[in-house]
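Asks: just coords:
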């Protein structure tokens with residue numbers, strides 16, 4: 001294999017967030033976990049290959065200050081098109097992987113938060129950062145073989161690499177990863193023009209897509225990856241393509257889907273420090289203490305036989321909050337409890353609070369971010385509710401299964417790729433129709449199955465034994481890298 005014959009492969013990840021420096025959503029987990037898995041897996045790739053992976057991300061006030069040493073930095077000026085910006089660069093090494101944090105001192109007012117409330121306000125921040133990564137490689141005297149860009153914030157870098165045939169970029173390949181297609185970078189057309197990024201033209205592309213960073217990434221990248229195989233197929237259809245499905249079908253040859261993983265050293269019920277009682281498949285009875293702790297702490301009836309339904313999620317329309325609320329209201333007179341943990345859209349939060357007011361004995365809503373308590377909900381909940389209208393990958397369902405909390409989820413995206421709904425292999429319950437009836441039918445099926453404790457334990461143990469580590473995903477990324485370097 002090509003990678004096996006190479007002494008070293010240099011890869012630069014370019015992204016808006018990376019855990020543990022800064023994590024807002026799933027992208028932060030992805031960039032914080034995949035590079036580490038790649039370096040580990042590459043050492044086992046046939047005769048082995050050294051992966052020199054580095055990560056570049058923009059500075060914001062939300063980055064953990066422990067990773068910023070202001071006494072150790074270097075600076076450079078990046079000039080692209082009509083614009084020139086001065087950057088300070090701070091270096092942090094996490095899990096032996098260098099992270100370069102680019103602080104734009106020319107535009108300090110844009111760096112208070114990772115993301116602005118209005119995405120159009122983020123245009124210049126992310127475009128200037130993405131293009132500065134070319135200058136960063138020059139300053140470091142280090143050239144990437146592959147630049148891996150993530151979501152619209154870094155899409156213009158793929159366009160720049162394709163348009164410029166210089167010493168530093170001549171052999172650089174680019175990969176563009178779609179984590180969430182509907183977010184395209186709207187409102188950045190004038191900024192792209194000022195930075196010298198040409199519009200995208202294609203006969204299958206709607207005119208409104210000519211000046212979107214996401215489309216620059218898709219059109220100009222050598223490979224395009226989505227974060228699950230099913231989502232790669234879904235975006236080629238009218239239901240999930242956001243009116244880009246005709247264009248995306250023309251890019252099919254370079255499109256693939258690879259399911260994300262989770263860090264199983266963090267999400268491990270045997271060692272998790274945030275839960276009341278650790279447990280495993282062989283000590284599943286101990287799990288009940290976590291459920292009891294939730295019921296006591298939230299003043300719910302402490303009945304171990306009452307099924308506890310949990311949801312840990314950002315609360316917005318995509319996550320199916322309306323469908324969740326309407327379905328719980330439609331449940332017949334059955335014994336159940338529900339805990340919803342999450343923040344987000346004000347209207348969606350209000351929906352959940354009204355549900356709690358209407359079902360004061362059964363429902364508890366926590367509209368704030370509580371990372372530690374989310375671990376407890378995974379460890380003590382009986383069923384995990386995930387009625388997302390679309391879900392490119394999702395990791396909550398993987399975490400839930402790891403803890404024996406059985407998911408009831410909409411059959412979309414990565415939920416299809418990670419949850420087994422066939423009876424003999426069941427690890428969860430999937431419903432196809434995003435309607436109250438569709439969700440309700442599967443939820444009632446799960447509630448009835450829960451009453452058959454021996455069958456339920458079999459489902460729990462099967463779910464807990466699933467391998468959701470990054471190992472398999474990392475191997476698939478290595479295969480993509482090999483194919484791209486062979487071209």
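Replies: Thanks, I have the structure now. Just so it is clear, the model here is predicted, and its values are computed rather than measured.
Asks: ok, the closest residue to residue 164 other than its chain neighbours to residue 483 distance?
Replies: In space, residue 164 comes closest to residue 134 once its chain neighbours are excluded; the distance is 7.8 Å by C-beta to C-beta, 6 or more residues apart in numbering. For every residue, glycine as well, the C-beta is placed using N, CA and C. Residue 134 is 24 Å from residue 483, where distance means C-beta to C-beta, to the nearest Å.
Asks: pLDDT weak spots in the stretch 51-200 of the chain?
Replies: 165-170 (pLDDT under 70).
Asks: quick one, helices of it?
Replies: With DSSP state H, counting those that start in this stretch, the ranges of helices along the stretch 51-200 of the chain come out as 123-140, 155-163, 189-194.
Asks: now the longest one, how far from the centre of its chain.
Replies: By that I understand helix 123-140. Distance, stretch centre to chain centre, for helix 123-140: 23 Å (C-alpha atoms, centre = their mean, to the nearest Å).
Asks: how many neighbours does residue 333 have?
Replies: 5 (other C-beta atoms under 10 Å).
Asks: could you do the one 10 residues further on as well?
Replies: Using other C-beta under 10 Å, residue 343 has 16 other residues around it.
Asks: per-residue confidence for it?
Replies: Note on residue 343: pLDDT of 92.
Asks: measure it to residue 366 for me?
Replies: According to C-beta to C-beta, residue 343 and residue 366 sit 9 Å apart.
Asks: residue 265 too?
Replies: According to C-beta to C-beta, residue 265 and residue 366 sit 26 Å apart.
Asks: show me which of those two is the more surrounded one.
Replies: Taking other C-beta under 10 Å, residue 265 and residue 366 do not tie; residue 366 has more neighbours (18 against 8).
Asks: residues contacting the residue lying closest to that one once chain neighbours are set aside?
Replies: Spatial nearest neighbour of residue 366, chain neighbours left out: residue 341 (4.7 Å); criterion: C-beta to C-beta, 6+ apart. Contacts for residue 341 (C-beta atoms under 8 Å, 6 or more residues apart in numbering) come out as 310-313, 366, 370, 373-374, 377.
Asks: return the subset of those residues lying in helices.
Replies: Among the contacts of residue 341, the ones falling in helices (DSSP state H) are 373-374, 377.
Asks: for residue 142, state which of those residues is nearest.
Replies: Of all these, residue 374 has the smallest distance to residue 142: 38.2 Å, by C-beta to C-beta.
Asks: wait, doesn't that closest one sit right on residue 314?
Replies: No - Residue 374 lies out of contact with residue 314 (C-beta atoms under 8 Å); the separation is 11.9 Å.
Asks: neighbour-wise, which of those two wins?
Replies: Of the pair residue 374 and residue 314, residue 374 is the one with more neighbours under other C-beta under 10 Å, namely 19 against 16.
Asks: if the closest residue to that one other than its chain neighbours is in a bridge, with which residues?
Replies: Nearest non-adjacent residue to residue 374, counting by C-beta to C-beta, 6+ apart: residue 312, 4.7 Å away. Applying DSSP bridges to residue 312 gives these bridge partners: residue 341.
Asks: tell me how many other residues crowd residue 312.
Replies: 24.
Asks: and residue 218, by the same measure?
Replies: By other C-beta under 10 Å, neighbour count at residue 218 equals 27.
Asks: kindly report the same for residue 467.
Replies: A count of nearby residues for residue 467, using other C-beta under 10 Å, gives 10.
Asks: all set, thanks.
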